[in-house]
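have a look at this fold, sequence not included:
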């Protein structure tokens, strides 16, 4: 209804609104929503009384000092603060292989000890907590903070629904509106290396593969002479899942561009004696 600015315990200026008055002895009540922690004595409140020099289009500054009286909220009408102590700007669930990856972002936090997540099999609940230990929050902050949680106590092909709540240092819980959902993708049953795409390629090509069991993985590129020209994955421990975020830009390990021709990508998983080879073609 109006914009207000405060200036050093001296005055409060209101502007930008009109209020029709139909009779005498009319009271105009102005309230401000503030956090309870910012108003511990409950003394924030303004009452403009009907006085001779207060007329339509006047404001506080050109009225008599008796036109304003500071009152407790209980005397001028209580306005309960319904704002949540943590401002959550993003809350999402990502479908993943054998798990659901949850992430959320806060724009500000007030007295925030941390977070709890709850899960249900459908959007109507019931919701059950999934993290027995609190996910530590950032206390009091006006900066952006990002959080993550992986729910791996899941069943393949099932869809789950999630809610987020925060807890302040006094133990009070605050539930946040909105539900995030994700479907658990089935884990691969066997190791495999897919054909790169595009093929032939220039200037780069995407590589994807599946890991059936946690293992130490290598992914290398060889030329037709059997010489290794590029290592893309070097003895890296990978969890079961499908990986499609690797690429080759037709350069060797020293950053030099390779010649046109046929190359071979080789994927190995040592513990399971797995080895797969695919032919790829680089064309300038």
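Perfect, I can see it now. This one's a predicted model, so the numbers in the text were calculated from it and none came from an experiment.

CA atoms for contacts and neighbours, from now on please.
Will do.

quick one: the helices in the stretch 51-200 of the chain, in order.
With DSSP state H, counting those that start in this stretch as the criterion, the stretch 51-200 of the chain has helices at 73-76.

so where's this protein shaky on pLDDT?
Along the chain, segments meeting pLDDT under 70 span 1-83.

can you give me the buried ones in the longest strand along it?
Identified as the longest strand of the chain according to DSSP state E is strand 99-120. For strand 99-120, burial by neighbour count (16 or more other CA atoms under 10 Å) applies to 99-106, 108-120.

check stretch 255-262 too.
Buried, per 16+ other CA under 10 Å, within stretch 255-262: nothing.

you'd agree residue 219 is up against residue 231?
Yes. With contact defined as CA atoms under 8 Å, residue 219 reaches residue 231; the gap is 6.3 Å.

quick test: name the residue nearest the centre of the chain.
Geometric centre of the chain, nearest residue: residue 104, 2.3 Å, by CA atoms, centre = their mean.

can you give me the strands for the stretch 101-250 of the chain?
Along the stretch 101-250 of the chain, the segments classed as strands by DSSP state E, counting those that start in this stretch run 128-129, 135-141, 145-151, 159-168, 173-175, 180-183, 192-193, 205-211, 215-222, 228-238, 241-248.

and residue 284, which of those is closest to it?
strand 205-211 (12.8 Å; CA to CA).

packing partners of that closest one?
If contacts are counted by 3 or more CA pairs under 8 Å, 6 or more residues apart in numbering; DSSP states H and E, strand 205-211 sits against strand 192-193, strand 241-248.

select, out of those, the one closest to residue 133.
strand 241-248 (27.0 Å).

show me what the helix or strand following that closest one pairs with in its sheet, parallel or antiparallel.
Once the chain leaves strand 241-248, the next helix or strand it forms, by DSSP states H and E, is strand 261-269. Paired neighbours of strand 261-269 in the sheet (DSSP bridges): strand 215-222 (antiparallel), strand 274-282 (antiparallel).

okay if I get the ones you listed as JSON lines plus distance to residue 198?
Shown next, in JSON lines, are those (distance: least, CA to CA, whole Å):
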{"stretch": "strand 215-222", "distance to residue 198": "16"}
{"stretch": "strand 274-282", "distance to residue 198": "9"}
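
the closest residue to residue 264 other than its chain neighbours: how many residues sit nearby?
Of all residues not flanking residue 264 in the chain, residue 279 sits nearest, at 4.6 Å (CA to CA, 6 or more residues apart in numbering). For residue 279, the count of nearby residues is 17 (other CA atoms under 10 Å).

list the contacts of residue 137.
Residues in contact with residue 137 (CA atoms under 8 Å, 6 or more residues apart in numbering) are 112-115.

what do you get for residue 228?
220-222.

out of these, flag the one nearest to residue 201.
residue 221 (14.4 Å).

tell me, how many neighbours does that closest one end up with?
Applying other CA under 10 Å, I find that residue 221 has 25 neighbouring residues.

got it, and residue 211?
Residue 211 - counted by other CA under 10 Å - has 22 other residues nearby.

now it: how far from residue 147?
27 Å (CA to CA, to the nearest Å).

cool, residue 182 as well?
Taken as CA to CA, the span from residue 182 to residue 147 is 17 Å.

more crowded one of the two?
Of the pair residue 182 and residue 147, residue 182 is the one with more neighbours under other CA under 10 Å, namely 20 against 14.

which residues does the closest residue to the more buried one other than its chain neighbours contact?
Nearest residue to residue 182 in three dimensions, chain neighbours excluded: residue 95, at 4.8 Å (CA to CA, 6+ apart). By CA under 8 Å, 6+ apart, the contact list for residue 95 reads 101, 182-185.

is residue 95 bridged to anything, and to what?
Going by DSSP bridges, residue 95 forms beta bridges with residue 100.

likewise residue 246?
residue 207.

now for it, how many residues are close by?
14.

again with residue 185
Counted with other CA under 10 Å, residues neighbouring residue 185 total 19.

you'd agree it is up against residue 99?
Yes. Residue 185 lies in contact with residue 99 (CA under 8 Å); the separation is 7.4 Å.

and residue 110, how far from residue 90?
17 Å.

ok, so of the contacts of residue 137, who is nearest residue 258?
residue 115 (50.6 Å).

got the contact list for the closest one?
Here residue 115 is in contact with 134-137, 164-167 (CA under 8 Å, 6+ apart).
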